[in-house]
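J.: using only what follows, build the 3D model:
(one chain, ligands or ions: 1)
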Amino acid sequence: MCGIVGYVGSQKASTILLEGLKRLEYRGYDSAGLAVQQNGRLELARKVGRVENLVKEAAKHRFTGTTGICHTRWATHGGVTEANAHPHLSSDGKIALVHNGVIENYAAIKKFLLPKGYAFKSETDTEVLSNLIAYHYAKEPTIAGQSRFLESVRKALRHVEGTYGIAVLCLDCTGEIVAARKGSPLILGVGDKEYILASDVSALVSRTQNVVYLKDGEVVHVTPKQFFISTLDQEDVSPVVDQVTWTIDAAEMNGYAHFMEKEIFEQPAALENSMRGRFSEDGSTAKFGGLNLGPVDFRQIDRFVFLGCGTAWHSCLVAEHLIERFARVPVEVDYASEFRYRNAPLSGNPLFFVMSQSGETIDTLGALREAQRKGYKVLAVNNTVGSTIAREADGGIYQHVGPEIGVASTKAFTSQLLIGAMLALHVARMRDMSFADGVEFVSALKKAPDLVREALKQAGHIKAVAKRFSKYNDMLFLGRLSLFPIALEGALKLKEISYIHAEGYPAAEMKHGPIALINEQCPSVFFAPQGEIFNKVVSSMQEVKARKGLVIAIITEGCELPPGLADEVITIPDCHEAVLPIVATIPVQLLSYYIACERGCDVDKPRNLAKSVTVE
Ligand code: AGP
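T.: Predicted coordinates for the structure are as follows:
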């Protein structure tokens, strides 16, 4: 997915645009560009690579204009080239446009425009839209009281199939931007005699905390003095100005080497924020303000369905384990991307949950809409206030962990695990869990931040383990029950930031195939906590050791491994089973982070990835 920033005001637009773009770079970083209105021209600068390359290029242009748009790209249609970088200028030079999303019928539109003399210089779907707007602009008569520019954007968008978040400049309309969204986020910051458009709040919060979250199908027309929101069908929309609850400091690195490192070490505080105010007065259960479902409705629920993508899907798997373990209610989990198309037979009275840090993942949004289309309530566990998923869900639970900038999710994941455990408690106390057991459960959850602080103290040791294992190109992660999803998460973390091929498996699955991979070049990370299956996991470790495989064991305090079985041991505090997945996640986050650092990888902006995938 891509990042968009637009500015209308009295300051030098290029400075504000580039500052905003740096804060959006985690959304996509293949190429970047900006367009500024000045001297009767639309002045463009575009560069392949990071925003830093664009900053250097922009310095060669004498940008002075006070209205502009910019973009950082995650390629969908067309390779990573300067010609494919946004903004895209229409061939008549009238329209400059940046776009986040996919125009699915771009080929048909291109076929319509070519005979009308419109030329194309890129392989992108986006350029088609800039020419289509230019076509309508050229055709649009000047209607009294109606902006020709605004009307040409509306007309063009009515022909578009797919998703878009766009910001558009018109050569003839100085100091104006038209922006619109359908399926890709767009926020309008209302500043002091200035307006800033952005794909997310982090690009504008340093200049204003007053924001309007545009909704799908809305178009905003920004001029130096005011803004108007309407629909594609010309219906006026009364804007709702919200207040952003965090400051730009939350999006700063604050002395850490990477945002990922900062966010790993922020987790104790993040967990405290996710819990704050969410336990009952008698301390025996969890309570949530935004479920929009009372105890009677909850009692009728006969099962839960959890949907998510990537790391969020892993948190769904842990929620499944804890809700079934403690509340004894059946839970189904599905990849959001699979659920939305496989037309699963649905019956009874399920309650759907979607897990999504960004609240903009298009597959998760699609799954939410699919479940709602079938008449089911969908609640969202989400970390981004005002996001599309937050607004379209029937209720939900905000994670309150602050912006997560690192592409690899860390604090948002453990927050989702905590909220899943709180949900298990909430439901269990409506069923068979006793008051005393509820009090014990609450007490265990309240210890989570300190247990994570304890686990983080292993960072130095884990850094040394990472140094020893950073040269391998394959790695297995093995866990059982609620730690099998943590094995999946550990493998995903390592894959996405160090580019090492890693797989997560239930430990007992080793002997059904994966053990064929074991040799001196394929180390295995085992989760071996105290408990009923400890000895079973030890047996799996011995099967690996017997085949010369190296073993990294993550154990809880008090565990005794047979001498010489593990090549490295990482010890985490013993804890209540509802909190164990959270605490067990810390070592694999640190292991992947330090291995990626050892390999010189770009930890916060891994190749080919983006923070929130808003395209299918
Ligand atoms: C997590 O490390 C990944 N970057 C990715 O799998 C992510 O969890 C997934 O894209 C879902 O994102 P969301 O939580 O914002 O919906």
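J.: so for the helix or strand hosting residue 68, mean pLDDT?
T.: According to DSSP states H and E, residue 68 maps onto strand 67-73. The average pLDDT within strand 67-73 is 94.
J.: tell me the strands beside the helix or strand following that strand, with direction?
T.: Sequence-wise, the next helix or strand beyond strand 67-73 is strand 88-89, with elements assigned using DSSP H and E. Here strand 88-89 has these sheet partners by DSSP bridges: strand 95-100 (antiparallel).
J.: do a quick rundown of the strands in the stretch 351-500 of the chain.
T.: Taking DSSP state E, counting those that start in this stretch as the criterion, the stretch 351-500 of the chain contains strands spanning 378-382, 395-398, 474-479.
J.: circling back: what's the spacing between the strand holding residue 68 and its chain's center?
T.: 21 Å (Cα atoms, centre = their mean, to the nearest Å).
J.: same question, stretch 489-507
T.: 18 Å.
J.: return the alpha-carbon coordinates of that stretch using CSV.
T.: The C-alpha coordinates for stretch 489-507 follow below in CSV (Å, rounded to 0.1, in the frame of the first residue of the first chain):
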residue,chain,number,x,y,z
GLU,A,489,4.8,-15.8,14.7
GLY,A,490,8.5,-16.4,15.4
ALA,A,491,9.0,-17.8,11.9
LEU,A,492,7.1,-14.9,10.3
LYS,A,493,9.2,-12.3,12.2
LEU,A,494,12.4,-14.0,11.1
LYS,A,495,11.2,-14.3,7.5
GLU,A,496,10.0,-10.8,7.1
ILE,A,497,12.9,-8.9,8.5
SER,A,498,16.0,-11.1,8.0
TYR,A,499,14.8,-12.9,4.8
ILE,A,500,15.8,-16.3,6.3
HIS,A,501,13.5,-19.1,5.3
ALA,A,502,11.7,-20.1,8.5
GLU,A,503,8.7,-22.3,9.2
GLY,A,504,6.5,-22.7,12.3
TYR,A,505,5.1,-26.1,13.2
PRO,A,506,3.4,-27.9,16.1
ALA,A,507,6.4,-29.7,17.7
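J.: now for the strand holding residue 68, which elements pack on it?
T.: Here strand 67-73 touches strand 3-8, helix 13-24, strand 31-38, strand 95-100, strand 164-170, going by 3 or more Cβ pairs under 8 Å, 6 or more residues apart in numbering; DSSP states H and E. For every residue, glycine as well, the C-beta is placed using N, CA and C.
J.: close to the ligand: what parts of the stretch 451-600 of the chain are there?
T.: Selection of the stretch 451-600 of the chain residues close to the ligand by Cβ under 6 Å from any ligand atom yields residue 496.
J.: ah, wrong one, I meant the chain
T.: Checking the chain against the ligand by Cβ under 6 Å from any ligand atom, the hits are 309-312, 356-358, 361, 364, 407-409, 496, 612-613.
J.: low pLDDT regions in the stretch 351-500 of the chain?
T.: The stretch 351-500 of the chain contains no residues with pLDDT under 70.
J.: and residue 564, how many residues sit next to it?
T.: Using other Cβ atoms under 10 Å, residue 564 has 7 other residues around it.
J.: oh, I was asking about residue 601
T.: Neighbour tally, residue 601, other Cβ under 10 Å: 18.
J.: need the outlier residue of the protein, farthest from its centre.
T.: residue 144 (43.5 Å; Cα atoms, centre = their mean).
J.: next one: that residue, what pLDDT does it get?
T.: 72.
J.: residues touching the nearest residue to residue 22 once chain neighbours are set aside, list them.
T.: Sequence neighbours aside, residue 51 is the residue nearest to residue 22 in space, at 5.3 Å (criterion: Cβ to Cβ, 6 or more residues apart in numbering). Residues in contact with residue 51 (Cβ atoms under 8 Å, 6 or more residues apart in numbering) are 18, 21, 22, 25, 29, 32, 72.
J.: secondary structure element for the nearest residue to the first one once chain neighbours are set aside?
T.: Distances taken as Cβ to Cβ, 6+ apart put residue 55 closest to residue 18, at 5.5 Å, once the chain neighbours are dropped. Counting by DSSP H and E, the element that carries residue 55 is helix 51-58.
J.: flag every buried residue along that helix.
T.: Within helix 51-58, the residues that qualify as buried are 51, 54, 55, 57, 58, counting by 16 or more other Cβ atoms under 10 Å.
J.: again, but for stretch 501-519
T.: 502, 503, 504, 505, 506, 507, 510, 514, 515, 517, 518.
J.: what do you get for stretch 287-299?
T.: So, applying 16+ other Cβ under 10 Å, buried residues of stretch 287-299: 288, 291, 293.
J.: show the contacting residues for the first one.
T.: For residue 288, the set of contacting residues under the criterion of Cβ under 8 Å, 6+ apart consists of 278, 397, 422, 423, 426.
J.: tell me the pLDDT at it?
T.: So residue 288 comes in at 95 (pLDDT).
J.: one more: the last one?
T.: Looking at residue 293, its pLDDT reads 90.
J.: surely it meets residue 351?
T.: Yes: counting by Cβ atoms under 8 Å, residue 293 sits close enough to residue 351 to count as a contact (7.4 Å).
J.: now do the shared contacts for the two.
T.: 377, 379.
J.: what about the nearest residue to residue 414 once chain neighbours are set aside, distance to the ligand?
T.: In space, and not counting its chain neighbours, residue 414 is closest to residue 582: 4.9 Å by Cβ to Cβ, 6+ apart. Taken as Cβ to the nearest ligand atom, to the nearest Å, the spacing of residue 582 relative to the ligand amounts to 16 Å.
J.: residues in contact with residue 582?
T.: Per Cβ under 8 Å, 6+ apart, neighbours of residue 582: 271, 414, 417, 418, 421, 448, 451, 452.
J.: okay then, goodbye and thanks.
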